[in-house]
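Student: Dropping the sequence and predicted coords here.
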Amino acid sequence: MDLSAINPLLFVAGFLVAATPLIFAAIGELVVEKSGVLNLGVEGMMITGAICGFATAVETGSPLLGFAAAAVGGAVLSLLFAFLTQVALANQVASGLSLTLFGLGLSALIGQSYVGIKPPRLGDIDFGLLADIPVIGPIFFTHDIILYLGIALVAGVWAVLKFTRAGLILRAVGESHDAAHALGYKVKHIRTTAILFGGACAGLGGAYISLIRVPQWTEGMTAGIGWIALALVVFASWKPWRALLGAYLFGGITQLQLNLQGAGVAIPVEYLAMSPYIITIIVLVVLSADKSAAPASLGRTFHASN
Amino acid sequence: MKLTTLMTSAAMVLGLATSAMAQDKTKVGFVFVGPVGDGGWTYEHNEGRLAVEEEFGDKVETVYVESVAEGPDSERVMTQMALDGADLIFTTSFGYMDPTINVAKKFPNVKFEHATGYKRADNVSTYGARFYEGRAVQGTIAGHMTESNIVGYIGSFPIPEVIRGINSAYIHAKKVNPDVQFKIVWAYTWFDPAKEADAAKVLIEQGADVILQHTDSTAPQAAAQEAGNVITFGQASDMAQYAPKPRVSSIIDNWAPYYIDRVKAVMDGTWESQDTWGGIDSGMVGIGEISDAVPAEVKEEALALKDKMANGEYHPFTGPIKKQDGSDWLAEGETADDKALLEMNFYVEGIEGSIPE
C-alpha cells in the first residue's frame, strides 16, 4: 500500500470533472420533474448531446460552439418527448424509455464518421494570480468554463425555484396541474419549456463527456450516467444543492476508489467498486429524512378536460 | 370487404413466400456486449460477422443485438434469436456462459458458439484466442519503454482470461526490466468510456507511463494522448487511429476465418461441438504494427518473441515461475498446460495486490 502515490490535488480536480456531466443531467431532470413530468430519456438526450457537441466542435474547431450545439441537440430530442407526452398525451414512462433507445440509435448513426477523431481542446480559464494560491488554486481555478457553468446552473435553479414567481408557478404546475390550470396557467406550455430545459442540460452533460472527460466519440459512451442522474434526483429529494452534493459524492468516491485500487490499499476491490453507489444512497437518504416528497403530479398526464 | 380479403390473401402469399425463402438461408445470430462502434472487442466481432456476409452472400442472413448486459437479460435476447429461426448463435462475452448453456438446452436444434468460456454441450462450442501471447509482446515493449518503472493495467473483471493477460505481461516486462512494477485497477465493466478514461487518468497521475487495458473502448487511449508522454496498446482491435503515439502496438482479434468456418460447417451439416483456442500461429491473435515511437532494437526483440511463439518454439508461461505467495508453480523449462491456463486465478510472484474474489 502506498497512499503517497495519490496526489490529493489531482484527485479533487479529477472528481470535479467526473461529477460535472452528472450535475448537468441531474439539475435538468430536477427541473423537469419539478414541473410534474417524469422524463426517463435522460440517457438518450445525453448521448445525443455528446455526438452533436462532438461533431460540431470537430467541424467548427470551437468547443464552445460544440457545447451550444449539444444543448440544442438535447433540447430538440426532448421536443419529441414533449410532443408525445404533452400533445399526444402518451404514457411518460414509455415515451421516456423509447427516447433513450432512439437517442442511442440516432447518435450511433450521426457518429459513424467521428470515431477515432481527437476533438479540439477547451482551454482552462485563466484566473491569473488565483491559480497560484497553494492547494486552492490547482483544485478550484484550473478548470474549463463549462465546469463552472454547471455549478452556476445549480445555484440559478435553486434561486429561481425558491425566490421567483416563475419558480413558484413551475412548482405549482408540478404539485397540482389542475389547480394551476384553474388559476389560468398554461400547464402544457410550462411543462414543455421545462422539458426543453432538461433536454438542453442533458445535452451539455453528454458533451462534457465526449469533449472533456474522455475526450473522444464512442457509441454508447454515456454508458448509464443518465440513469444515475435520474436516481440522483430522487435521492436528492428534488433539491438542487443535494443533487450537487450527490453528484460530487458519486464522482468523488468513484475517483477515490480507483485511486485506492491503484495505490494497492488492502480493502477488497468489490467493496471499493460498489462504494460510490452505496455511500451516495446512504448519505442522501439520511439527508432526506425530513418530509420533502415528490412533486404530487409527477408522471401524471394532464388534459384540460379532466 | 373484397379489398380486405384480397389484401389479406396477398399478405398471406407474401408471408409464405418469405418464409419459403428463409428456409434456404442459414440464419446466424450474434450477441454483443458493447456497441459495434466501440472500436475494440465488439467492433472486431462485428467485422467477423460482416466477413460471413461477404463470404456467403445470399445464402446467409445475419442478425445481431448489441450492448446486451451479461446475465439474465442476455438469456432473453438469445431465446428471441432462437425463436426467430437462427441456426447458429455466437455469444461473444464471458458473462454469457451460463445463459448460453441454459438457452441451448431449450433449443437442441440450434447451434451455439460461446466466446472465451469453458462450458460446452452437444450444441454449444466454445472458442477463444490466446491473448496472453499478445500480452507477452506488450509486456516486453512496456518493460523497455517505461521510465517511471510503473505500468498501469486496467482490468475489467477478475476472470482467468484477464488474470492470464496480467501475468503474461508482467512476466515479460520483468524479464527485460527487473524494477518494473504493475499497478492494477479493476473497472468492473467491459465498456464504459468515461470510467475507463478515469481509470487511465488515475494510473497516470500515480506515475504510470505505460497503460495496458483489458476493457473494450478506446477511451484509455484518448486519456493517454491527453496526458502526453504515455504509451498504450490497442486492445482487441488495432486502434490505429491513436498511432504512432500513444498506441505503439496492439493485439488484434481476428475472428473472421473462424466465423466463416463455423457457418460453413452448419451449412454442410458437419457442425460439431468443439473447443477452439487459437493463438498467433493460427492468426486468431494478431500483433498490430509496432510504431516508430518504439526504438528499433526493442521492436526487433518484440517481433522475434512473436515469431518464436508463432512457430511454437516459445511458450509465454515457461518455468521457472512462482506464484505470488512464493510457492512453486512451474519448474525450470516446464510450460503451463491449457487446463492450468484456463483456470488461472492467481498472480505470479512479484505482482502486488490481491485478485478480487
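Tutor: Perfect, thanks for sending it.
Student: going forward, measure contacts between C-alpha atoms and count neighbours the same way
Tutor: Fine.
Student: Residue B:87 is in contact with residue B:28, isn't it?
Tutor: Yes: taking contacts as CA atoms under 8 Å, residue B:87 lies within contact range of residue B:28: 6.0 Å.
Student: With neighbour numbers in mind, choose between these two.
Tutor: residue B:28 (26 against 19; other CA atoms under 10 Å in any protein chain shown).
Student: ok, now which ones touch residue 172?
Tutor: Because you didn't say which chain, this covers chain A. Residue A:172 is in contact with A:35, A:179, A:180, counting by CA atoms under 8 Å, 6 or more residues apart in numbering or on different chains.
Student: try chain B instead
Tutor: Counting by CA under 8 Å, 6+ apart, residue B:172 has contacts B:136, B:137, B:139, B:140, B:143.
Student: Which of the contacts of residue A:172 sits closest to residue A:266?
Tutor: Distance to residue A:266, by CA to CA, is smallest for residue A:35 among the contacts of residue A:172, at 46.5 Å.
Student: Please name the nearest non-neighbouring residue to that closest one.
Tutor: residue A:174 (4.0 Å; CA to CA, 6 or more residues apart in numbering or on different chains).
Student: Neighbours of residue B:73, how many?
Tutor: 12.
Student: That one and residue B:46, how far apart?
Tutor: Distance from residue B:73 to residue B:46, counting by CA to CA, to the nearest Å: 20 Å.
Student: do the same with residue B:137
Tutor: Distance from residue B:137 to residue B:46, by CA to CA: 25 Å.
Student: how about the residues of the stretch 1-150 of chain B that lie near chain A?
Tutor: B:35, B:36, B:37, B:38, B:39 (CA under 8 Å from any CA of the partner chain).
Student: ok, those residues vs residue B:231, which is closest?
Tutor: residue B:39 (17.9 Å).
Student: For the strand or helix carrying residue A:153, buried residues please.
Tutor: Secondary structure assignment for residue A:153, by DSSP states H and E: helix A:145-163. Using 16 or more other CA atoms under 10 Å in any protein chain shown as the test for burial, helix A:145-163 gives A:146, A:147, A:150, A:151, A:153, A:154, A:157, A:158, A:161.
Student: residues touching the last one, list them.
Tutor: For residue A:161, the contacting residues are A:167, A:168, A:170, A:171, by CA under 8 Å, 6+ apart.
Student: Spatially nearest residue to the second one, not counting backbone neighbours?
Tutor: On the basis of CA to CA, 6+ apart, the spatially nearest residue to residue A:168 that is not a chain neighbour turns out to be residue A:161, at 6.3 Å.
Student: Those residues of the stretch 1-150 of chain A touching chain B, which are they?
Tutor: So far as CA under 8 Å from any CA goes, the stretch 1-150 of chain A lies against chain B at A:5, A:6, A:7, A:10, A:11, A:18, A:108, A:112, A:115, A:116, A:117, A:118.
Student: and the second one, what pLDDT?
Tutor: Same thing as residue A:6. pLDDT, residue A:6: 79.
Student: that older thread, by neighbours, which of the contacts of residue A:172 wins?
Tutor: The most crowded member of these, judged by other CA under 10 Å, is residue A:35 (32 neighbours).
Student: ok, so what distance separates that residue from residue A:284?
Tutor: Here the criterion is CA to CA. By it, residue A:35 lies 22 Å from residue A:284.
Student: any idea how far stretch B:119-137 is from the chain center?
Tutor: Taking CA atoms, centre = their mean, to the nearest Å, one finds stretch B:119-137 lying 9 Å from the centre of the chain it belongs to.
Student: quick one: average confidence on it?
Tutor: For stretch B:119-137, mean pLDDT is 94.
Student: List the buried residues for it?
Tutor: Of the residues in stretch B:119-137, B:120-121, B:123-137 count as buried by neighbour count, 16+ other CA under 10 Å.
Student: Over to stretch B:349-357?
Tutor: Using 16+ other CA under 10 Å as the test for burial, stretch B:349-357 gives B:349, B:350, B:351, B:353, B:354, B:355.
Student: count of residues packed around the residue nearest to the second one when sequence neighbours are not counted?
Tutor: Setting aside the residues directly before and after it, residue B:350 is nearest to residue B:324 in space (CA to CA, 6+ apart), at 6.2 Å. Other residues lying near residue B:324 total 17 when counted by other CA under 10 Å.
Student: what's the answer for residue B:156, then?
Tutor: Neighbours of residue B:156 under the rule other CA under 10 Å: 20.
Student: Residue A:293 versus that one, what's the distance?
Tutor: Relative to residue A:293, and taking CA to CA, residue B:156 is found at 39 Å.
Student: And residue B:149, by the same measure?
Tutor: 54 Å.
Student: The two: who's more crowded?
Tutor: residue B:149 (21 against 10).
Student: Look up the pLDDT of the closest residue to the more buried one other than its chain neighbours for me, please.
Tutor: Setting aside the residues directly before and after it, residue B:149 is nearest to residue B:180 in space (CA to CA, 6+ apart), at 4.6 Å. Listed pLDDT for residue B:180 reads 96.
Student: just checking, what packs against the helix or strand in which residue A:24 is found?
Tutor: Per DSSP H and E, residue A:24 falls inside helix A:8-34. The contact analysis (3 or more CA pairs under 8 Å, 6 or more residues apart in numbering or on different chains; DSSP states H and E) places helix A:8-34 against helix A:42-60, helix A:136-140, helix A:145-163, helix A:165-175, helix A:187-208, helix A:225-235, helix A:240-263, helix B:193-205.
Student: looking at those helices, which is closest to residue B:257?
Tutor: Closest among the helices and strands packed on helix A:8-34, using CA to CA: helix B:193-205, at 29.2 Å.
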